[in-house]
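Asker: What would the 3D arrangement of this be:
(one chain, ligands or ions: 2)
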Amino acid sequence: MFSVKKQVNMSVPRSTVFDCIVLGAGIQGSFTAYHLAKNHKKTLLLEQFPLPHSRGSSHGQTRIIRRAYGEDFYTNMMEESYQLWAELEKESGIQLYRKTGVVVIAPTGNEEFELICKNMEERQMSWGTLTQEEFMKKYPGFLLKAGEVVCCDHDGGVLSADKALRAVQEQFKTMGGVIRDGEKVTHIQPGRVVTVTTASHVFETEKLVITAGPWAQKVLSPLGLELPLKTLRINVCYWKEKIPGGSGLLQNIPTFLGVNLNGEEHEVYGLPSQEYPGLFKICFHGGNEADPEERELQDKPNKIDDIQILCNFISQYLPDLHPKPAVIEQCMYTNTPDCNFILDYHPVHKNIVIGSGFSGHGFKLSPLVGKILCELSIGKQPLYDLKPFCISRFKTQ
Ligand SMILES: Cc1cc2nc3c(=O)[nH]c(=O)nc-3n(C[C@H](O)[C@H](O)[C@H](O)COP(=O)(O)OP(=O)(O)OC[C@H]3O[C@@H](n4cnc5c(N)ncnc54)[C@H](O)[C@@H]3O)c2cc1C
Ligand SMILES: O=C(O)[C@@H]1CCCCN1
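Answerer: Ligands and ions are numbered 1, 2, ... in the order given. Model (predicted):
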């Protein structure tokens with residue numbers, strides 16, 4: 001449990017005061033630590049679980065990368081994010097991005113779809129639209145309904161998530177950074193020098209960055225900050241063909257995003273087969289509230305029957321797949337009310353920076369999020385307008 005109780009008397013000598021401690025070695029904390037090390041800051045990255053682990057939000061093999069966003073500020077930020085991904089690929093010698101294109105499917109007139117097209121057009125991105133007939137010819141096995149429209153962000157694709165997390169942590173260590181895993185932070189004492197206590201150590205640091213994923217609220221409450229975060233259990237579903245290898249047509253499933261299909265509010269998305277041969281990852285963008293400490297404990301009735309929604313989607317749109325998931329894995333989202341990130345200082349303790357609320361879409365932007373959180377902590381003005389990400393947009397406390 002995170003506590004506000006007295007510290008363990010195991011202080012390390014004053015000489016080990018860090019320039020910065022990053023709390024949480026998910027993708028956001030790891031990229032923050034990487035940028036701090038690039039800026040020659042003596043940085044410690046603390047992680048509660050032995051690495052790698054699958055309890056937070058950054059595990060698993062794949063994530064979508066795209067510029068196709070309805071909000072232009074994300075589209076703009078993706079420009080630099082792609083460059084930073086390429087830089088990490090070069091430094092690590094590991095391919096992390098696979099260009100597949102990302103198609104967005106929506107009913108005609110859908111507002112988000114229109115905004116996505118507008119953003120791509122205004123930025124002269126490599127993109128295009130497909131008619132229902134063209135789409136079904138290109139992706140046989142995928143049935144669209146009358147009146148559904150498609151656009152494609154040609155540079156979109158798939159990131160290798162686990163590999164990326166490992167690569168960024170390795171680069172951080174190569175630059176002299178220190179990672180201590182299996183070290184849960186149990187107490188933070190704010191001050192000009194911040195004291196950070198784990199079960200076995202007491203560390204001191206000039207700056208602290210908190211990137212605790214679904215544990216953010218547990219870490220922030222004792223620091224007097226209540227954010228309107230919701231932590232959701234996400235079922236990551238994999239589907240197999242009715243006739244394995246069957247028609248071969250399904251090998252051609254695109255990376256896709258289905259927005260408000262069937263008149264529903266929700267989104268579904270899918271990726272080509274990658275992690276498990278013959279299985280397709282098709283998921284619901286949402287889930288039911290859950291505490292990350294007891295992610296699988298379902299003692300309350302589910303508000304959303306996400307798996308049933310997916311079964312219906314598969315039956316209607318991808319009828320060559322078995323309409324029951326073959327494999328289900330779990331992951332966590334940490335959502336803000338507007339689904340925009342939180343990248344800001346603690347309102348009272350200005351040497352504490354917070355990165356949170358990535359609302360199920362933060363992976364693609366993590367190289368830039370890490371850069372921004374690093375800049376905030378070293379007092380450098382980020383190049384981006386951070387208003388959409390500020391804490392003052394909420395009524396806190
Ligand atoms: C199923 C799924 C699909 C997704 N798909 C996409 C996608 O296609 N594209 C995309 O861009 N994004 C996607 N996302 C979102 C993206 O993966 C997340 O936004 C991102 O991983 C969040 O990273 P994080 O570092 O904030 O959190 P986490 O990965 O959870 O990291 C937080 C870390 O902090 C540690 N921690 C917490 N408390 C303490 C403590 N007290 N002491 C020490 N350590 C602590 C935790 O153990 C954890 O390791 C998806 C997410 C999920 C779950
Ligand atoms: O960030 C993304 O691109 C995806 C969209 C679909 C839901 C999961 N996240």
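
Asker: which parts of the protein sit against ligand 2?
Answerer: Within the chain, the residues that sit near ligand 2 (Cβ under 6 Å from any ligand atom) are 64, 66, 257, 267, 269, 285, 360, 361, 364. No exception for glycine: its C-beta is placed from N, CA and C like everyone else's.

Asker: One more pass at 8 Å, please.
Answerer: Within the chain, the positions lying close to ligand 2 (Cβ under 8 Å from any ligand atom) are 63-66, 102, 257, 267, 269, 283, 285, 360-364.

Asker: helix, strand or coil for whatever residue of the stretch 51-200 of the chain ends up closest to ligand 1?
Answerer: Closest to ligand 1 within the stretch 51-200 of the chain is residue 56: 2.4 Å, counting by Cβ to the nearest ligand atom. Of the three states, residue 56 takes coil under DSSP: H, G, I helix; E, B strand; the rest coil.

Asker: what's around it, how many residues?
Answerer: 23 (other Cβ atoms under 10 Å).

Asker: Can you give me the pLDDT of it?
Answerer: As predicted, residue 56 sits at a pLDDT of 98.

Asker: from memory it sits against residue 332, does it?
Answerer: Yes. Between residue 56 and residue 332 there is a contact at 6.1 Å, judged by Cβ atoms under 8 Å.

Asker: Need the overlap of contacts for the two.
Answerer: Residues touching both residue 56 and residue 332 (Cβ atoms under 8 Å, 6 or more residues apart in numbering) are 213, 214, 292.

Asker: and ligand 1, which of those reach it?
Answerer: Filtering those for neighbours of ligand 1 using Cβ under 8 Å from any ligand atom leaves 213, 214, 292.

Asker: list the contacts for the spatially closest residue to the last one that is not a sequence neighbour?
Answerer: The reference is to residue 292. Nearest in space to residue 292, with sequence neighbours left out and distances taken as Cβ to Cβ, 6 or more residues apart in numbering, is residue 214 at 3.9 Å. Going by Cβ under 8 Å, 6+ apart, residue 214 touches 56, 57, 231, 292, 332, 333, 334.

Asker: Give me the secondary structure label for residue 214.
Answerer: helix.

Asker: Per-residue pLDDT of it, please?
Answerer: pLDDT at residue 214 comes out at 98.

Asker: now do residue 3
Answerer: At residue 3, the model reports a pLDDT of 46.

Asker: in the sheet, who's paired with whatever residue of the stretch 101-250 of the chain ends up closest to ligand 2?
Answerer: Relative to ligand 2, the nearest point of the stretch 101-250 of the chain is residue 102 (7.5 Å; Cβ to the nearest ligand atom). With DSSP bridges applied, residue 102 shows beta-bridge pairing to residue 153, residue 255.

Asker: What are the neighbouring residues in contact with it?
Answerer: Residues in contact with residue 102 (Cβ under 8 Å, 6+ apart) are 64, 65, 66, 68, 152, 153, 156, 157, 254, 255, 256, 257.

Asker: May I see these arranged in JSON lines, with neighbour count and distance to residue 165 as well?
Answerer: Output for the contacts of residue 102, formatted as JSON lines (neighbours: other Cβ atoms under 10 Å; distance: Cβ to Cβ, whole Å):
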{"residue": "64", "neighbour count": "21", "distance to residue 165": "16"}
{"residue": "65", "neighbour count": "25", "distance to residue 165": "15"}
{"residue": "66", "neighbour count": "22", "distance to residue 165": "20"}
{"residue": "68", "neighbour count": "28", "distance to residue 165": "24"}
{"residue": "152", "neighbour count": "22", "distance to residue 165": "28"}
{"residue": "153", "neighbour count": "27", "distance to residue 165": "24"}
{"residue": "156", "neighbour count": "27", "distance to residue 165": "20"}
{"residue": "157", "neighbour count": "20", "distance to residue 165": "18"}
{"residue": "254", "neighbour count": "20", "distance to residue 165": "25"}
{"residue": "255", "neighbour count": "25", "distance to residue 165": "20"}
{"residue": "256", "neighbour count": "26", "distance to residue 165": "24"}
{"residue": "257", "neighbour count": "23", "distance to residue 165": "23"}
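
Asker: Surely residue 160 touches residue 89?
Answerer: No. Using Cβ under 8 Å, residue 160 is not in contact with residue 89; the gap is 10.1 Å.

Asker: of the two, who's got more company?
Answerer: The neighbour comparison of residue 160 against residue 89 (other Cβ under 10 Å) goes to residue 160, with 20 against 16.

Asker: So for that one, what's the pLDDT?
Answerer: For residue 160, the pLDDT comes out at 97.

Asker: follow-up on the earlier one: list residues touching both of residue 160 and residue 89?
Answerer: Counting by Cβ under 8 Å, 6+ apart, the residues touching both residue 160 and residue 89 are 95, 96, 97.

Asker: From the residues you listed, list just the buried residues.
Answerer: Neighbour counting by 16 or more other Cβ atoms under 10 Å classes 96, 97 among the shared contacts of residue 160 and residue 89 as buried.

Asker: In helices, which of the shared contacts of residue 160 and residue 89 appear?
Answerer: Among the shared contacts of residue 160 and residue 89, none falls in helices (DSSP state H).

Asker: Touching the longest strand seen in the chain from outside, list them.
Answerer: Criterion DSSP state E: the longest strand present in the chain is strand 230-240. Strand 230-240 has contacts (Cβ under 8 Å, 6+ apart) with 60, 214, 217, 275-276, 278-284, 286-292, 295-296, 306-307, 310, 314, 318, 321-322, 325-335, 360.

Asker: Please give the centre-to-centre distance between it and its chain.
Answerer: 13 Å (Cα atoms, centre = their mean, to the nearest Å).

Asker: anything in that strand sitting right up against ligand 1?
Answerer: Yes. Using Cβ under 8 Å from any ligand atom, strand 230-240 comes into contact with ligand 1 via 234, 236.

Asker: what about dumping the CA coordinates of that strand to PDB?
Answerer: Output in PDB follows, covering the C-alpha atoms of strand 230-240 (Å, rounded to 0.1, in the frame of the first residue of the first chain):
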ATOM      1  CA  LYS A 230     -10.800   5.800 -14.300                       C
ATOM      2  CA  THR A 231      -8.800   2.500 -14.500                       C
ATOM      3  CA  LEU A 232     -10.300   0.000 -16.900                       C
ATOM      4  CA  ARG A 233      -9.700  -3.700 -17.400                       C
ATOM      5  CA  ILE A 234      -9.200  -4.300 -21.100                       C
ATOM      6  CA  ASN A 235      -9.900  -7.700 -22.700                       C
ATOM      7  CA  VAL A 236      -7.400  -8.200 -25.500                       C
ATOM      8  CA  CYS A 237      -9.100 -10.700 -27.700                       C
ATOM      9  CA  TYR A 238      -7.600 -12.900 -30.400                       C
ATOM     10  CA  TRP A 239      -9.800 -14.700 -33.000                       C
ATOM     11  CA  LYS A 240      -9.200 -17.600 -35.200                       C
END
